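A.B. asks: structure, please.
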Amino acid sequence: MEINNKGNLRLTKYFLRENLYMENMESTFLKIKPHSKLYKGEFITRVLSQGKKSWVIAMPEAKGKFIPLPVGTVVEVSFLHGHRAPFQSEIVARSFDGGRNLTIAAPGAISRGGREDKPASASRVIAMSSGKGGVGKSTATVNVALALQSLGKRTCIIDVDLGTANIDILLQLKAPYNLFHLVNGQKEIEEIIVHGPQGLMLVPGGSGLDELANLKDWQFSRLITAFNKLDSLADYLLLDTGSGVSRNVTNFLLAADEIVLIATPDPHAIVDVYSLIKVLANYEVKSGIKLIVNKAEKEKEAYHVWDTISFASRQFLHLPVEYLGAIPFCDAIAHSVKNQEPFFLYNRQHYVAEKFLKISELLIGAVPVVKGNAGMLPFIHKLKKVITFMNLRDTMRNKNG
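C.D. replies: You can find the predicted model right below:
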């Protein structure tokens, strides 16, 4: 989702040309382990030159013979000395002229690493949010995720509700670690992922993503490597964000591929979700917003809620809002939340379960985002830029008094 803020010109220029500081790695010795049936084991090499997107390394040798790893080979890269974090990369070029060497994707650069089995596609990052609390956002997220999983779509929920993260509670899962432990080098992504019912995956967010703009280079590289792996594990990544219009919410919405908002027929909920759409429109979000109406007595009531929000959004913000569906009010959902038993999992024959299934089918059938822009790696880069820009904007505003 593209962002074109009309704020301070200096900030916009900085935002567009944002460049990660890179430590000089030339002559640094590396250990690479290829994902290859032909070339097994670990090989020592060194960095010959480096750029923002790629590093040129010496072609490794074994028993007096060069190891000409093919272009496209995924490699695990670690540093022979020091305490820098390892990362996953890919061979993007090789040369036999003027010295044998290989070119690998630099840490943080987007490559196909870890997802060769689906080179033409990437996971869809969908942010689930609401204008206010208490509308059933997290419950809807869990049940939509389980419905997607039942349709054969590998689904992962990333709990980025920094105030009241509770997806693990709704699923009766123990989540001892989160992204904070990942970026600080304490745990790997495989140790953070919690596996739930029907193969559903959960990544507890914690404060790891909130501090994205302040991460050191080695921490950001760890995050990139982790999400490269995560991108290969899931078809759909649902971000369970907080509620309201705070930056802890809007940052994730601006970086996601698609946005699904949850509202109820309550007048306050309608006003609050419109306020959230208005904030997004101020950052020139043009499309990709969908609406689920929860706790509706009848389909007609839900459609009226959407029509009210959609009309105001089109009329005053020039921003379309797509109707994704309605979740009727029913006691069975309230009981499932109380008993920590996901509704869709234990009530598959219930007519409301069919509603979650229909919403999931509509999500699957929706026109995909622009090819090349989808997936977890583009999301994390966009999120970092959004957070950096917001921080700089606030700094400039404070200076200007």
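A.B. asks: phi and psi next, for V125.
C.D. replies: With angles defined as degrees, to the nearest 10, V125 sits at phi -100, psi 110.
A.B. asks: how close does it sit to K290?
C.D. replies: 14 Å (CB to CB, to the nearest Å). Where you see a C-beta, it was placed from the backbone N, CA and C, and this is true even at glycine.
A.B. asks: one more: E188?
C.D. replies: Counting by CB to CB, the gap from E188 to K290 is 34 Å.
A.B. asks: show me which of the two is the more surrounded one.
C.D. replies: K290 (21 against 16; other CB atoms under 10 Å).
A.B. asks: tell me which element that one is part of?
C.D. replies: Using DSSP states H and E, K290 sits in strand 289-296.
A.B. asks: still on that earlier bit, any residues in contact with both of V125 and K290?
C.D. replies: E258 (CB atoms under 8 Å, 6 or more residues apart in numbering).
A.B. asks: quick one: A140 is in a helix?
C.D. replies: Yes. Assessed by DSSP: H, G, I helix; E, B strand; the rest coil, A140 belongs to a helix.
A.B. asks: what's the distance between the residue nearest to it when sequence neighbours are not counted and T250?
C.D. replies: Spatially, and ignoring its direct neighbours in sequence, A140 is nearest to I262 (5.4 Å; CB to CB, 6 or more residues apart in numbering). According to CB to CB, I262 and T250 sit 16 Å apart.
A.B. asks: of those two, who's got more company?
C.D. replies: Between I262 and T250, I262 has the larger neighbour count (other CB under 10 Å), namely 27 against 23.
A.B. asks: secondary structure element holding the more buried one?
C.D. replies: Going by DSSP H and E, I262 is part of strand 258-263.
A.B. asks: heading C-terminal from that strand, find the next helix or strand.
C.D. replies: helix 267-282.
A.B. asks: what angle separates that next one from strand 289-296?
C.D. replies: In terms of direction (axes from the mean of the first three to the mean of the last three CA atoms, to 10 degrees), helix 267-282 departs from strand 289-296 by 170 degrees.
A.B. asks: what lies in contact with helix 267-282?
C.D. replies: 129-132, 135, 244-245, 249-250, 253-254, 259, 261-263, 289, 291, 305, 308-309, 312-313, 317-319, 321.
A.B. asks: in helices, which of these fall?
C.D. replies: Within these, residues falling in helices by DSSP state H are V249, T250, L253, L254, V305, T308, I309, A312.
A.B. asks: now do the same contact list for K153.
C.D. replies: Contacts of K153 by CB under 8 Å, 6+ apart are D235, Y236, S360, I364.
A.B. asks: tell me how far the first one lies from T264.
C.D. replies: Here the criterion is CB to CB. By it, D235 lies 29 Å from T264.
A.B. asks: can you check the last one too?
C.D. replies: Using CB to CB, one obtains 25 Å as the distance from I364 to T264.
A.B. asks: which one's more surrounded, those two?
C.D. replies: Counted by other CB under 10 Å, I364 and T264 do not tie: T264 has more neighbours, with 25 against 16.
A.B. asks: hmm, V293 and the more buried one touching each other?
C.D. replies: Yes. With contact defined as CB atoms under 8 Å, T264 and V293 form a contacting pair (6.9 Å).
A.B. asks: need the residues touching each of the two.
C.D. replies: Shared contacts of T264 and V293, defined by CB under 8 Å, 6+ apart, are found at V305.
A.B. asks: low-scoring stretches of this structure, by residue?
C.D. replies: 1-23, 83, 97-98, 108-121, 162-163, 207-215, 366-373, 401 (pLDDT under 70).
A.B. asks: which residue sits farthest out from the middle of it?
C.D. replies: G64 (43.9 Å; CA atoms, centre = their mean).
A.B. asks: can you pull the phi/psi pair for it?
C.D. replies: Dihedral angles (degrees, to the nearest 10) for G64: phi 80, psi 10.
A.B. asks: cool, S54 as well?
C.D. replies: Torsion angles, degrees, to the nearest 10, at S54: phi -150, psi 160.
A.B. asks: what's across from it in the sheet?
C.D. replies: Residues in a beta bridge with S54, per DSSP bridges, are A105.
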